[in-house]
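> From the sequence below, what's the structure:
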Amino acid sequence: MDTLESMRMFARVVEAGSFTKAASLASVTTPQASRAITDLESRLHTRLLHRTTRHLSLTEAGERYLQHCEQILAQIDLAEAEAAGAGAQPSGKLRVHATTSFGQHHLAPLIARYRKRFPEVVIDLVLAQRVPDLVDEGFDISVVVARELADSALVSQRIGSVYTILCASPRYLEKHGTPVRLADLNKHTCLQLTLPDVPLGQWHFEGVDESVFRHVRPAPLTVNVAEALGEVIRAGMGIGPLPIAVALPGLRDGSLVRVLPSHRLRANNIYAMYASRRYLDAKIKTFVEFLRDQVPLALAEQDGELQAFGENQNLVREPYSI
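Presented below is the predicted three-dimensional model:
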């Protein structure tokens, strides 16, 4: 037996009062139980038990060693119980990465709802455009917005999709006019939101015959965070693509106007990525399931508000054209 099992056997022998009873409880033979204690005493270079044909008693060293054994074994049993329970009851720290805009506008509000359900989970949310190495950097889950995922050993689940719309400020449109066809964009200043898998100078639209619009003029600004682009558009610098969640506050207060309201840029997928399906911790499992249920509802609610806002503002929807 190894040291840990020998310690368990020693505690059993003392509790049972005999090698035979202790061996029966451990499903081993009496000689095996006796040998475990003998090996333990040899390793420690001290006698732990006084043995007679009828009686066992602890030596002074044995009494002290038994106290340490009981403390150590109790801690090990507790650790094993907690680890086994992690697969059943969500608890402990959940470290989550998310891309900046999605994390700010969608994930943060949903986290509050998740914790109402599972208050024993403490969430450490990190927002960054860079996708981290989950294992090396200690993340449990990464939530990313991308057209496609690169091949990796990670498990991924698609939990929804988001798209962007073109916006400008009223001041810019008053000065430069409002485009009514995609081709009209070539007469305008087009600002760029840079994404890892989208080529610069191209906007990919849905539902049009010529789905890719290529700018004939270089963009005067490129930025990798949608909120920053939104501020530049409000300032009247040009037309640019914004996710619905970023655009809606400006549409509500009139600082933004949706341009070409019959068009929207091609959707990006939302993925939840984690390290393994096997022995999945309950907090990871429940968080991914929660996102899979709640994210589509939140996105549909925002999309409905956008549609209702456009109707209330009497936006004229032109047929798809180029």
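> For the spatially most central residue of the chain, give me the backbone phi and psi.
Closest residue to the average C-alpha location of the chain: I141 at 3.1 Å, with CA atoms, centre = their mean. With angles defined as degrees, to the nearest 10, I141 sits at phi -140, psi 140.
> Pretty sure it sits against A275.
No. If you go by CB atoms under 8 Å, I141 and A275 don't touch, sitting 9.1 Å apart. Every C-beta, even on glycine, is put in place using the N, C-alpha and C of the backbone.
> check contacts around the closest residue to L125 other than its chain neighbours.
Among residues not flanking L125 along the chain, V96 sits closest, at 5.1 Å (CB to CB, 6 or more residues apart in numbering). Residues near V96 by CB atoms under 8 Å, 6 or more residues apart in numbering: L107, I111, I123, D124, L125, V126, F139, D140, I141, S142, V143, F287.
> Helix or strand: which one has V96?
Using DSSP states H and E, the element containing V96 is strand 92-98.
> for that strand, which positions count as buried?
L94, R95, V96, H97, A98 (16 or more other CB atoms under 10 Å).
> That strand - what's its average pLDDT?
Taken as a whole, strand 92-98 has a mean pLDDT of 93.
> Can you get me the start-to-end distance on stretch 142-158?
12 Å (CA to CA, to the nearest Å).
> just stretch 91-110 next, same as before
End-to-end for stretch 91-110, by CA to CA: 17 Å.
> chain center to that stretch: distance?
Taking the mean of its C-alpha atoms, stretch 91-110 sits 6 Å from the chain's own mean (CA atoms, centre = their mean, to the nearest Å).
> same question, stretch 299-308
25 Å.
> Could you do stretch 31-39 as well?
Centroid separation for stretch 31-39 versus its chain: 50 Å, with CA atoms, centre = their mean.
> That stretch: which residues count as buried?
Buried-residue list, stretch 31-39, by 16+ other CB under 10 Å: A33, S34, R35, A36, I37.
> cool, and stretch 136-154?
Buried-residue list, stretch 136-154, by 16+ other CB under 10 Å: F139, D140, I141, S142, V143, V144, V145, A146, L154.
> Tell me the helix or strand right after whichever strand or helix holds S6.
For S6, the host element (DSSP H and E) is helix 3-16. Downstream of helix 3-16, the next assigned helix or strand under DSSP H and E is helix 19-26.
> export whichever helix or strand comes after that next one as PDB, just CAs?
Counting by DSSP H and E, the next helix or strand C-terminal to helix 19-26 is helix 30-44. Extracted C-alpha coordinates of helix 30-44, given in PDB (Å, rounded to 0.1, in the frame of the first residue of the first chain):
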ATOM      1  CA  THR A  30      -5.600  -9.600   7.800                       C
ATOM      2  CA  PRO A  31      -2.000 -10.200   6.900                       C
ATOM      3  CA  GLN A  32      -2.300  -7.300   4.400                       C
ATOM      4  CA  ALA A  33      -3.700  -5.000   7.100                       C
ATOM      5  CA  SER A  34      -0.900  -6.000   9.500                       C
ATOM      6  CA  ARG A  35       1.800  -5.500   6.800                       C
ATOM      7  CA  ALA A  36       0.500  -2.000   6.100                       C
ATOM      8  CA  ILE A  37       1.100  -0.900   9.700                       C
ATOM      9  CA  THR A  38       4.500  -2.600   9.800                       C
ATOM     10  CA  ASP A  39       5.500  -0.800   6.600                       C
ATOM     11  CA  LEU A  40       4.300   2.500   8.100                       C
ATOM     12  CA  GLU A  41       6.300   2.000  11.200                       C
ATOM     13  CA  SER A  42       9.400   1.100   9.200                       C
ATOM     14  CA  ARG A  43       9.000   4.300   7.200                       C
ATOM     15  CA  LEU A  44       8.600   6.400  10.300                       C
END
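> other SSEs contacting the helix holding S6?
If you count contacts as 3 or more CB pairs under 8 Å, 6 or more residues apart in numbering; DSSP states H and E, helix 3-16 packs onto helix 19-26, helix 30-44, strand 56-58, helix 60-85.
> one more time with 6 Å, if that's ok
helix 19-26, helix 30-44, helix 60-85 (3 or more CB pairs under 6 Å, 6 or more residues apart in numbering; DSSP states H and E).
> quick check: angle from the longest one to helix 3-16?
Comparing the axes of helix 60-85 and helix 3-16 via axes from the mean of the first three to the mean of the last three CA atoms, to 10 degrees yields an angle of 110 degrees.
> can you give me the angle helix 60-85 makes with helix 30-44?
110 degrees.
> residues of the helix holding S6 that come out buried?
S6, M7, R8, M9, F10, A11, R12, V13, V14, A16.
> Give the helix, strand or coil label for N186.
helix (DSSP: H, G, I helix; E, B strand; the rest coil).
> Any idea how many residues pack against it?
13 (other CB atoms under 10 Å).
> I'd like to know how far it sits from G201.
Between N186 and G201 the computed distance is 12 Å (CB to CB, to the nearest Å).
> What of D136?
D136 sits 34 Å away from G201, taking CB to CB as the criterion.
> what's the answer for T194, then?
Distance from T194 to G201, by CB to CB: 11 Å.
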